[in-house]
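Visitor: Need a 3D model of the following:
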Amino acid sequence: MGFPAMTDPTIAQIAGKLTGAQRWALDQVCRSNGGGVEVITGRENHNYGVPTVNPWKKLWELDLIQGKASHAYRVVHTRLGWQVRTYIMENADG
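Guide: As a prediction, this is how the structure comes out:
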């Protein structure tokens, strides 16, 4: 099982539904070069380390970001997140 091609309609659909704030947040995570971005996360056992505020919360729900190992307050991009950001960059106007 491979990863979706960059022209996969699913990636285009996800990218098309992101708000400006979500696109900015995804770009920041991808630019962090694996270091991740510090975000506000839950502290309870049931949502420990999960972003609790948007735009981060929505990116998490879409599986575009994930928690950084050993850092409950930082997020990094997933492979899908990287693909969506790449699609956005390749299809940006201007």
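Visitor: What strand or helix carries Y87?
Guide: helix 79-90 (DSSP states H and E).
Visitor: got the contact list for that helix?
Guide: Residues external to helix 79-90 that are found in contact with it (Cβ atoms under 8 Å, 6 or more residues apart in numbering): 3-4, 6, 11-12, 14-15, 18, 23, 26-27, 29-30, 59, 62-65, 77. Placement of C-beta: from N, CA and C, glycine included.
Visitor: Of those residues, keep whichever come out buried.
Guide: The neighbour-count test (16 or more other Cβ atoms under 10 Å) marks 11, 14-15, 18, 23, 26, 29-30, 59, 62, 64-65, 77 as buried among those.
Visitor: Redo those residues as CSV? Include secondary structure.
Guide: Formatted as CSV, these follow (DSSP: H, G, I helix; E, B strand; the rest coil):
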residue, secondary structure
I11, helix
I14, helix
A15, helix
L18, coil
R23, helix
L26, helix
V29, helix
C30, helix
L59, helix
L62, coil
L64, coil
I65, strand
H77, strand
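Visitor: tell me the two of those residues that are most distant?
Guide: Between any two of the buried ones among the contacts of helix 79-90, the greatest separation by Cβ to Cβ is 16.5 Å, found for I11 and V29.
Visitor: Next up, phi/psi of T41, please.
Guide: Main-chain dihedrals, T41, degrees, to the nearest 10: phi -130, psi 160.
Visitor: residues in contact with it?
Guide: By Cβ under 8 Å, 6+ apart, the neighbours of T41 are N47, Y48, G49, V50, P51, T52, A72, Y73.
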